[in-house]
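Novice: okay, predicted coordinates and the sequence, questions at the end:
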Amino acid sequence: MTTAMNSDTSGLSHVFLSPDELAAALPGVTKNTLAMWRYEGKGPRYRKLGRIVVYALDEVEAWIEDGARDGGAHAH
């Protein structure tokens, strides 16, 4: 018997990414960088499910937006 996988998140309120998936989605960020950020208490929020680390996509996007900077010097 084959069970079809659907794209429904089964009622979860977040879409979760593994460190591999997140590293692949962020230019210049590696899985090792994510591990170092977790160790140093930096980077986006994460959760541990036993030994599995996951990142909520919406929280990663919010973390990126929180780090947004305006370019150039501002004259007053």
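Specialist: Sure, I can see it. These numbers come from a predicted model, not from an experiment.
Novice: quick check: Val60 vs Arg51, distance?
Specialist: According to C-beta to C-beta, to the nearest Å, Val60 and Arg51 sit 20 Å apart. Any C-beta I mention is one placed from the backbone N, CA and C, and that applies to glycine too.
Novice: and Lys31, by the same measure?
Specialist: In this view, Lys31 and Arg51 are 15 Å apart by C-beta to C-beta.
Novice: repeat for Lys42
Specialist: Distance from Lys42 to Arg51, by C-beta to C-beta: 21 Å.
Novice: the two - which one has more neighbours?
Specialist: Lys42 (11 against 5; other C-beta atoms under 10 Å).
Novice: Gly35 falls within a strand, correct?
Specialist: Quick fix: residue 35 is Ala, not Gly. No. The assignment for Ala35 (DSSP: H, G, I helix; E, B strand; the rest coil) gives helix, which keeps it out of a strand.
Novice: so it makes contact with Asp20?
Specialist: No. Counting by C-beta atoms under 8 Å, Ala35 does not reach Asp20; the two are 11.3 Å apart.
Novice: higher neighbour count, those two?
Specialist: Set Ala35 next to Asp20 and count neighbours by other C-beta under 10 Å: Ala35 wins out with 14 against 11.
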